[in-house]
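> Have a look at this prediction, sequence included:
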Amino acid sequence: MPQRIGTASRHTSESKVDVTIDLDGTGKSEISTGVPFYDHMLDALARHSLCDLTVKAEGDIDIDVHHTVEDSAITIGWALKDAVGDKAGIRRYGDAAVPLDEALAQAVVDISGRPYFVHTGEPEGFQYAMIGGHFTGSMVSHALESLSINAGLTVHLALVAGRDPHHIAEAEFKAFARALRMALEADPRTGGAIPSTKGAL
């Protein structure tokens, strides 16, 4: 399988984001978004997907973290799509269930080229929870949806159990990362073929 490294940039009046991703890395990350909890989640994404990830973002976080979180996720999605190329030889599908104390999240990923995101199970009120002083619970779904749509992924993410907002967010990011890791892996039994009856993804 050829080297799978992708880059992308998104520069607007609200943020400036530059991303590099290596799908065949070891989980190293260099993350700077100005939003500490989001940095923590993106570090977990890199570490558990085994993708090396560099994200440099500057944004109007003095107004709200929304623009920086969203634009960073969009740009990561673009870089991932760039890196995966024609998808020849990959497993395509991945799934993972990840616990964090009382929280349990399950993610299923299809590198389908058809963007779709389904997210269920978060408790009512989670979207208003403030995590780390800057990051609201609603940003978890928004960030992962923005990443998935812009990478061309079909993702089903379900929170099975959870009470603590930090644990819920982290379990969901880690489940997504582990499922993505499986889907991106080379499948030697395909002989390098694109895993679709259509011959294209």
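Structure's in. What do you need?

> just the strands in the protein please.
5-11, 15-22, 29-32, 52-59, 93-100, 103-110, 116-120, 130-131, 135-136, 154-161 (DSSP state E).

> Using TSV, lay out those strands together with mean pLDDT.
Below are the strands of the chain laid out as TSV (pLDDT from 0 to 100):
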stretch	mean pLDDT
strand 5-11	98
strand 15-22	98
strand 29-32	98
strand 52-59	98
strand 93-100	98
strand 103-110	98
strand 116-120	98
strand 130-131	97
strand 135-136	97
strand 154-161	98
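
> how about CSV for the ones you listed, with distance to residue 148 added?
From N, CA and C alone the C-beta is placed, and that goes for glycine too. What follows is the strands of the chain, written out as CSV (distance: least, CB to CB, whole Å):
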stretch, distance to residue 148
strand 5-11, 15
strand 15-22, 14
strand 29-32, 19
strand 52-59, 16
strand 93-100, 13
strand 103-110, 8
strand 116-120, 5
strand 130-131, 21
strand 135-136, 19
strand 154-161, 4
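
> Just put those strands in CSV and tack on mean neighbour count and distance to residue 44.
CSV is the format used below for those (neighbours: other CB atoms under 10 Å; distance: least, CB to CB, whole Å):
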stretch, mean neighbour count, distance to residue 44
strand 5-11, 16, 20
strand 15-22, 22, 15
strand 29-32, 16, 9
strand 52-59, 20, 10
strand 93-100, 18, 10
strand 103-110, 23, 12
strand 116-120, 14, 17
strand 130-131, 17, 13
strand 135-136, 22, 13
strand 154-161, 19, 14
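
> for those strands, which one sits closest to residue 69?
Closest to residue 69 of these is strand 135-136 (CB to CB; 7.5 Å).

> Partner strands of that closest one, with direction?
Strand 135-136 has the following strand partners under DSSP bridges: strand 130-131 (antiparallel).
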